[in-house]
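J.: Quick check, what structure comes out for this input:
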Amino acid sequence: VELEEKNRELEQAHGFIDSVLGAMSDVLIVCDRDGIIQRGNAALARAVGWEVEQLAGTPVTGLLTPASGEAVTRFGDEIRDHGGVNDRELELRHHSGDAVPLAVNCTGRYDARGRLAGMVLIGRPVGELRQAYSALNEAHQELQQTQQQLVHSEKMASLGRLVAGVAHELNNPISFI
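T.: Alright, predicted model coming up:
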């Protein structure tokens, strides 16, 4: 009975973890020290055009462009030296050949003895970030242009008041004469 209860708890824990991984919108890659993928999530599968089951056992460099693959091979050293890798841009390779840019953070995964067992990469597609930045930049430029138009309109209104005042001052002596 106790064994069945522990087994049920284990199944519930696995179900919970699987539901969390499936709900993540960010790409998750869990690798061993050799860069072999042990686990990925649905966001990774969508980004590369594979099934989640196909990802396990493949080298992470096989999912990346050559330049990004070289960068990932150095992540282990950076994790040992600096504790992790922050804000790097990598490119996943979709099975159709398209490159999918990601903003990636990487940390070490340690075993029960505290030894480095692998790495965990979490990335967000940069396309969304670039679109948001582009929209923000466009709104900023429109705001600057509107501000310049407002300043120009205010200058013209001031000039109009000045000219009206000068015309009035000139008109008074002329009407007197």
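J.: tell me which element Leu28 falls in.
T.: strand 27-32 (DSSP states H and E).
J.: do Arg46 as well
T.: Using DSSP H and E, Arg46 falls in helix 42-48.
J.: In PDB, could you pull the C-alpha coordinates for that helix?
T.: In PDB, the C-alpha atoms belonging to helix 42-48 read as follows (Å, rounded to 0.1, in the frame of the first residue of the first chain):
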ATOM      1  CA  ALA A  42       7.000  22.200 -26.400                       C
ATOM      2  CA  ALA A  43       8.200  25.700 -27.100                       C
ATOM      3  CA  LEU A  44      11.600  24.300 -28.200                       C
ATOM      4  CA  ALA A  45       9.800  21.700 -30.400                       C
ATOM      5  CA  ARG A  46       7.700  24.500 -32.000                       C
ATOM      6  CA  ALA A  47      10.800  26.600 -32.600                       C
ATOM      7  CA  VAL A  48      12.800  23.900 -34.400                       C
END
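J.: what sits up against the strand holding Leu28?
T.: 21, 37-41, 43-44, 47, 60, 63, 92, 102, 109, 117-125 (C-beta atoms under 8 Å, 6 or more residues apart in numbering). Any C-beta I mention is one placed from the backbone N, CA and C, and that applies to glycine too.
J.: swap in stretch 45-59?
T.: For stretch 45-59, the surrounding residues in contact (C-beta under 8 Å, 6+ apart) are 27, 34-42, 44, 63, 92-96, 100, 102, 125.
J.: run the last query once more with 10 Å
T.: 18, 21-22, 25, 27, 29-31, 34-44, 62-64, 69, 72-73, 92-98, 100, 102, 123, 125 (C-beta atoms under 10 Å, 6 or more residues apart in numbering).
J.: Which positions in that stretch come out as buried?
T.: Within stretch 45-59, the residues that count as buried by 16 or more other C-beta atoms under 10 Å are Ala45, Ala47, Val48, Trp50, Val52, Leu55.
J.: and what of stretch 78-87?
T.: Neighbour-count burial for stretch 78-87 flags Glu78, Ile79, Val85 (criterion: 16+ other C-beta under 10 Å).
J.: separation between the last one and Lys6?
T.: What that stands for is Val85. 37 Å (C-beta to C-beta, to the nearest Å).
J.: With Leu162 instead?
T.: In this view, Leu162 and Lys6 are 89 Å apart by C-beta to C-beta.
J.: In terms of helices and strands, where is the residue positioned nearest the centre of the chain?
T.: Among the residues of the chain, the one closest to the centroid is Arg124, at 3.9 Å (C-alpha atoms, centre = their mean). Secondary-structure element containing Arg124, defined by DSSP H and E: strand 116-125.
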